[in-house]
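Undergrad: Turn this into a structure:
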Amino acid sequence: MCLVHNNDSRSRKITKVKNCFKRQTKWTLVSFELNLLSVSPFCVCVLCVWPLYVVKSECVGREEQKQREGKILSMAAIASLQAIHLNFGRRGSIRCGISEPSGEPAPVGQKTRYNDGLAERVFMGLFARKMDKFGGSKKKNEMKEKGFWDYDYESFVEVSKRVMQGRSRTQQQEVVREVLLSMLPPGAPEQFRKLFPPTKWAAEFNAALTVPFFHWLVGPSQVIEVEVNGVKQRSGVRIKKCRYLENSGCVGMCVNMCKIPTQDFFTNEFGLPLTMNPNFDDMSCEMIYGQAPPAFEDDPATRQPCLADICSMSNPSSPVCPKLHA
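TA: Modelled structure (predicted):
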């Protein structure tokens, strides 16, 4: 009897070790894949979201297990994304495409130099071509349709300016919403709501994903701790010097083409509240996932005057940027 008991005990221990090894191997492979594909933020996004979707779909009716496994997956993905960001940080000029000697954005008043790679050019081309469909009249030297690889960041900003021309504030925001929806597969917002209910871990996961995923658009950023409804959490993202604001120099473009539509898209389409607080003095910006945005009339950013020194469309005599009017 003692021998049988010892054999059963040994068998259970061996099984336990095997299962533990499988789990460790699984997460090691996931982490390896995430780091291997760190050059493509889109691939990182797919690899992070897909396993979450599988867990959610296979655990219907088991809320406790769903939450536990979802948290484990998000923690593994966040760790991998942070490792990616740290690896970029050690390479100086490669980090976020910045080619400044310091590896950091240039001081206010100076334009930051970027060395965009393949992934950055892909995103610029995708967004610019989508927005170009809503653009107004082109300059004579731009009448010929651009190829996918002909777009750089400057031309992406020029397309944004043409979209803004002749449109009201709300029309500009609606264009951005349509462009964002056109970039997603059918039913994506509904799936996002299932994958990321408005919880602390969902807010923190999306904050971590923002750093590598949006560096092509806004430049280098980092996850920071913020307070949401009295709870401290790492669901904030601090953009050091927004590339979009730096290149456009326009308060109206920042608010109407980025801040408001992005807040609205995450809050209303995805069901995850987001507040963005741009600082027009140093061109930094703070994103807070999990915090509901204020009403337009209560938002300090909507009462900002033009940046007369850098905006070619500015109206220095107006106390508020004219593009912020309805």
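Undergrad: any low-confidence regions in the stretch 201-326 of the chain?
TA: 326 (pLDDT under 70).
Undergrad: That one: strands as residue ranges?
TA: 221-228, 231-239, 274-279, 284-289 (DSSP state E, counting those that start in this stretch).
Undergrad: cool, and the stretch 51-200 of the chain?
TA: Using DSSP E, counting those that start in this stretch, strands in the stretch 51-200 of the chain do not occur.
Undergrad: low-confidence ranges in it?
TA: 51-96, 136-145, 148.
Undergrad: rewinding a little: so which of the strands of the stretch 201-326 of the chain is the most packed in?
TA: strand 284-289 (a mean of 23; mean count of other C-beta atoms under 10 Å). Yep, even glycine has a C-beta here, placed from its N, CA and C like the rest.
Undergrad: dump the residue contacts of residue 120.
TA: 97, 114, 215-216 (C-beta atoms under 8 Å, 6 or more residues apart in numbering).
Undergrad: Also residue 299?
TA: Counting by C-beta under 8 Å, 6+ apart, residue 299 touches residue 293.
Undergrad: so what's the backbone phi/psi at it?
TA: Main-chain torsions, residue 299, degrees, to the nearest 10: phi -90, psi 120.
Undergrad: how close does it get to residue 310?
TA: 22 Å (C-beta to C-beta, to the nearest Å).
Undergrad: now swap in residue 235 and tell me
TA: 31 Å.
Undergrad: Kindly provide the distance from the closest residue to residue 173 other than its chain neighbours to residue 205.
TA: In this structure, residue 173 finds its nearest non-sequential neighbour in residue 261, 4.6 Å apart by C-beta to C-beta, 6 or more residues apart in numbering. For residue 261, the distance to residue 205 equals 22 Å [C-beta to C-beta].
Undergrad: do residue 126 as well
TA: Taken as C-beta to C-beta, the span from residue 126 to residue 205 is 23 Å.
Undergrad: So between those two, which is more surrounded?
TA: residue 205 (27 against 17; other C-beta atoms under 10 Å).
Undergrad: Give me the residues contacting stretch 219-233.
TA: Contacts of stretch 219-233 (C-beta under 8 Å, 6+ apart): 82, 85, 95-96, 98, 104-105, 112, 114, 200, 203-204, 207-208, 210-211, 214-215, 234-243, 246, 286, 288, 290-291.
Undergrad: no no, stretch 106-114
TA: 96-100, 105, 120, 153, 219, 241, 243, 246-247, 281-283.
Undergrad: can we see that at 10 Å?
TA: 93, 96-101, 104-105, 120, 152-153, 215-216, 219-220, 240-241, 243, 246-247, 249, 281-284, 309-310 (C-beta atoms under 10 Å, 6 or more residues apart in numbering).
Undergrad: I'd like to know the beta-bridge partner residues of residue 223.
TA: Beta bridges link residue 223 to residue 237, judged by DSSP bridges.
Undergrad: residues touching the closest residue to residue 249 other than its chain neighbours, list them.
TA: When the adjacent residues along the chain are set aside, residue 249 lies closest to residue 310, with 3.7 Å between them (C-beta to C-beta, 6+ apart). For residue 310, the contacting residues are 108-109, 111, 245-250, 283, by C-beta under 10 Å, 6+ apart.
Undergrad: any chance of these in JSON lines, plus distance to residue 324 and neighbour count?
TA: JSON lines is the format used below for those (distance: C-beta to C-beta, whole Å; neighbours: other C-beta atoms under 10 Å):
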{"residue": "108", "distance to residue 324": "22", "neighbour count": "12"}
{"residue": "109", "distance to residue 324": "24", "neighbour count": "7"}
{"residue": "111", "distance to residue 324": "24", "neighbour count": "12"}
{"residue": "245", "distance to residue 324": "14", "neighbour count": "26"}
{"residue": "246", "distance to residue 324": "19", "neighbour count": "19"}
{"residue": "247", "distance to residue 324": "19", "neighbour count": "20"}
{"residue": "248", "distance to residue 324": "14", "neighbour count": "25"}
{"residue": "249", "distance to residue 324": "15", "neighbour count": "20"}
{"residue": "250", "distance to residue 324": "10", "neighbour count": "25"}
{"residue": "283", "distance to residue 324": "18", "neighbour count": "23"}
